[in-house]
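**Q** Sequence and predicted structure are below.
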Amino acid sequence: QLQLVESGGGLVQPGGSLRLSCAVSGFTYATYAIGWFRQAPGKEREGVSCISASDGSTYYADSVKGRFTISRDKSKKMVYLQMNSLKPEDTAVYYCAAEVPDYYCSGMEGYEYVYRGQGTQVTVSS
């Protein structure tokens, strides 16, 4: 069973940075893509970024492009989301999820990402 565990959330001031981590276990590497989603109270879930485990292709939502960077560490089966220049509107629960099988990550619409972690809270406030 594929399992994902996020860490790294917290409270940060506007303009600050956080790095979220997603530890993946229970599945053969390179058979899934990893995506980061976020959901704020009263808002729909938003696909923020994804990365293919096999070819490293990446995607970013327009709302985070240029500020967030997704990366992977194959040896550790980890995926990271570096978030810079954070804004109050980035406040949300962030969770990582896996899409099986892997795909060229040019977008997240239409993919179910059924394997999900428990989420980590990110709060951007002064």
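**A** Nice, I can see it.
**Q** got a list of what the residue nearest the centre of the chain touches?
**A** Geometric centre of the chain, nearest residue: residue 36, 2.1 Å, by Cα atoms, centre = their mean. By Cβ atoms under 8 Å, 6 or more residues apart in numbering, the residues touching residue 36 are 20, 22, 47-50, 70, 79, 81, 94-97. Bear in mind the C-beta positions are built from the backbone N, C-alpha and C, glycine included.
**Q** same thing with residue 67?
**A** By Cβ under 8 Å, 6+ apart, the contact set of residue 67 is 83-86.
**Q** Can you list the buried residues in stretch 13-28?
**A** 18, 20-22, 24, 27 (16 or more other Cβ atoms under 10 Å).
**Q** likewise stretch 46-58?
**A** Buried residues in stretch 46-58 (16+ other Cβ under 10 Å): 46-53, 58.
**Q** Need the max-distance pair from those.
**A** Maximum pairwise distance in those, criterion Cβ to Cβ, is 21.8 Å, between 46 and 53.
**Q** and the end-to-end length of stretch 3-21?
**A** 13 Å (Cα to Cα, to the nearest Å).
**Q** And the contacts of that stretch?
**A** 22-26, 34, 36, 78-88, 94-98, 115-126.
**Q** And stretch 107-118, by the same measure?
**A** With Cβ under 8 Å, 6+ apart as the contact definition, stretch 107-118 has outside contacts at 2-6, 22, 32-33, 35, 37, 47, 50, 59, 95-100, 103.
**Q** List buried residues within those residues.
**A** 2, 4, 6, 22, 32-33, 35, 37, 47, 50, 59, 95-99, 103.
**Q** Let me know the helix or strand that residue 49 is in.
**A** Per DSSP states H and E, residue 49 falls inside strand 46-52.
**Q** Give the other helices and strands that that strand contacts.
**A** strand 33-39, strand 58-60, strand 68-73, strand 78-83, strand 92-99 (3 or more Cβ pairs under 8 Å, 6 or more residues apart in numbering; DSSP states H and E).
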